[in-house]
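Trainee: sequence first, then the predicted structure:
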Amino acid sequence: MNDNERPVPPKGLGDAIRSSVADSVAEARAGVAQGAEGLAETLGGLGGEIRAAVEEATREVVGPSALRGLAHPLRVKILDLLGTHGPLTASGLGELLGESSGSTSYHLRQLAKHGFVREVEGKGTARERWWERMPGGFTIDALENRDDPATRMATDMVNAEFERARQEKVWAYLRSADQTAEGWEHTGVLATQNLRITAEQLTKIVAAWEDFSREHLEPLHDQRDVPGARPVQVHFNAFPVIDPAEGTR
């Protein structure tokens, strides 16, 4: 899962460019230490391809404490809604989730405590604050801390809730096929291809997808003010199918 969360081991820079951007990665990490402005200034001076690679290399991996802070069904739903719809208030989230504003407000504060959301500057009042997801993405490393039962349970729960949210959107799309807004009737597709390939071939497919995403999808973020634009999700799942016998070993 790309864009905002990926339950796979994080990847660094490719071998072909690692040596050429090692210094840039170090500078970018220094920029992270200085805050968002420092990172933005550092990345601004890099070429497009190298900048994307550095951003990937410095993508934050969610640590055990933050992961356990996220491990609540309602918090995952709130994070998912903020990613899909953009900034919302606690009241607005409550209406979408069928929860009280007091409940969503509490969970928003917990998400903010662990660095997943933040208040929107210059918008709202002391009584009605607006919240947004933190910019950039994060990685949930499914193999990290697998020996720690609490972290393993938190990882499984968060991944399951994000996947449930995706599936709910797919079913909503299928159920509303006859209610799609004009101009959007034939724009979506759900496709599956069953292959028998090697681990190296799968790695190349995922790398090609990431290249495509950087080139074609990332420039389309933050188009809330573009006339005719609406929330859209793009899914790309590529993973080895687990044989039932493997799961019983």
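Mentor: Good, I have the coordinates. Keep in mind the model is a prediction, meaning the values are calculated, not measured.

Trainee: make it CA atoms for all contacts and neighbour counts henceforth
Mentor: Will do.

Trainee: what's the domain layout of this structure?
Mentor: Split into domains by automatic domain parsing, the chain comes to 15-59, 64-178.

Trainee: any low-confidence regions in this structure?
Mentor: Low-confidence segments of the chain, defined by pLDDT under 70: 1-60, 145, 246-249.

Trainee: hmm, back to that, so which of the domains of the chain is nearest residue 185?
Mentor: Among the domains of the chain, domain 64-178 comes nearest to residue 185, with 7.5 Å by CA to CA.

Trainee: coming back round to it: nearest to residue 241, of the domains of the chain?
Mentor: Judging the domains of the chain by CA to CA, what sits closest to residue 241 is domain 64-178, at 16.2 Å.

Trainee: for that closest one, measure first residue to last.
Mentor: End-to-end distance for domain 64-178, by CA to CA, to the nearest Å: 44 Å.

Trainee: which SS class is the nearest residue to residue 177 once chain neighbours are set aside?
Mentor: Nearest residue to residue 177 in three dimensions, chain neighbours excluded: residue 185, at 7.5 Å (CA to CA, 6 or more residues apart in numbering). With DSSP: H, G, I helix; E, B strand; the rest coil as the basis, residue 185 sits in coil.

Trainee: now the longest strand along the chain - C-alpha only, PDB.
Mentor: Taking DSSP state E as the criterion, the chain has its longest strand at strand 117-124. The C-alpha trace of strand 117-124 is given here as PDB (Å, rounded to 0.1, in the frame of the first residue of the first chain):
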ATOM      1  CA  VAL A 117      -2.300  14.400  12.600                       C
ATOM      2  CA  ARG A 118      -2.000  18.100  13.300                       C
ATOM      3  CA  GLU A 119      -4.200  21.200  13.600                       C
ATOM      4  CA  VAL A 120      -4.700  23.200  10.500                       C
ATOM      5  CA  GLU A 121      -3.100  26.600  11.000                       C
ATOM      6  CA  GLY A 122      -5.200  29.700  10.600                       C
ATOM      7  CA  LYS A 123      -8.500  27.700  10.300                       C
ATOM      8  CA  GLY A 124     -11.200  27.200  12.800                       C
END
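
Trainee: starting at the chain centroid, how far to it?
Mentor: Its chain's average C-alpha position is 20 Å from that of strand 117-124, according to CA atoms, centre = their mean, to the nearest Å.

Trainee: show me the residues around residue 112 that make contact.
Mentor: Taking CA atoms under 8 Å, 6 or more residues apart in numbering, we find residue 112 in contact with residue 118.

Trainee: how many neighbouring residues does residue 121 have?
Mentor: 10 (other CA atoms under 10 Å).

Trainee: check residue 183 too.
Mentor: Neighbours of residue 183 (other CA under 10 Å): 8.

Trainee: so how far is residue 78 from it?
Mentor: When residue 183 is compared with residue 78 (using CA to CA), they lie 29 Å apart.

Trainee: cool, and residue 84?
Mentor: Computed as CA to CA, the residue 84 to residue 78 distance reads 10 Å.

Trainee: between the two, which has more neighbouring residues?
Mentor: residue 78 (24 against 14).
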